[in-house]
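> Sequence plus the predicted model coming up.
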Amino acid sequence: MGHSALLGIVLGVLLQIEPLWMLLPFTLAFGLAVLYLIDQTDLWSDSILSIVLSGTLSIGVILASFIQDYRGNLLNVLFGNILAVNQLI
């Protein structure tokens with residue numbers, strides 16, 4: 001579901017909402033949409049998942065090009081940053 005999460009993060013940045021607050025509802029909505037399409041069509045679930053998630057990834061990349069003054073890294077928001085992990089001793 002990371003593909004649709006990227007679209008949620010980009011929309012959060014474009015709408016000037018905290019990207020992490022936009023991430024969960026957007027990903028949940030696309031998950032429910034995928035489940036609905038699986039129930040309503042005769043296509044295999046792998047096909048529907050591939051179509052929807054590749055579509056959301058492409059829309060997210062296209063919309064990310066409209067972010068002009070954002071200096072953060074969308075991939076760090078989506079996947080995290082390994083350098084930000086501290087030792088817990």
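Looks like it arrived, so ask away. Numbers count the residues shown, from 1 in each chain.

> Low-confidence ranges, the chain, go.
Counting by pLDDT under 70, the chain shows low-confidence ranges at 1, 70-72, 74-78, 80, 84, 87-89.

> what's the longest helix in it?
Determined from DSSP state H, the single longest helix within the chain is helix 19-40.

> Quick check: buried residues in that one?
Within helix 19-40, the residues scored as buried using 16 or more other Cβ atoms under 10 Å are 19, 22-23, 26-27, 30, 34, 37-38. Glycine gets a C-beta too; all of them are placed from N, C-alpha and C.

> Other residues contacting the helix or strand hosting L53?
Secondary structure from DSSP states H and E places L53 in helix 45-64. With Cβ atoms under 8 Å, 6 or more residues apart in numbering as the test, helix 45-64 has contacts from 1, 3-4, 6-7, 9-11, 14, 30, 33-34, 37-38, 41, 74.

> go again using 6 Å as the cut-off
For helix 45-64, contacts defined as Cβ atoms under 6 Å, 6 or more residues apart in numbering pick out 3-4, 6-7, 10, 34, 37-38.

> mind putting those in CSV, distance to I82 included?
CSV is the format used below for the contacts of helix 45-64 (distance: Cβ to Cβ, whole Å):
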residue, distance to I82
H3, 21
S4, 23
L6, 19
L7, 24
V10, 22
V34, 29
L37, 35
I38, 34
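
> which of these sit farthest apart?
V10 and I38 (25.4 Å; Cβ to Cβ).

> Same question for the helix or strand S4 falls within: list its buried residues.
According to DSSP H and E, S4 maps onto helix 2-14. Within helix 2-14, the residues that count as buried by 16+ other Cβ under 10 Å are 3-13.

> Mind giving me the packing neighbours of that helix?
helix 19-40, helix 45-64, helix 74-79 (3 or more Cβ pairs under 6 Å, 6 or more residues apart in numbering; DSSP states H and E).
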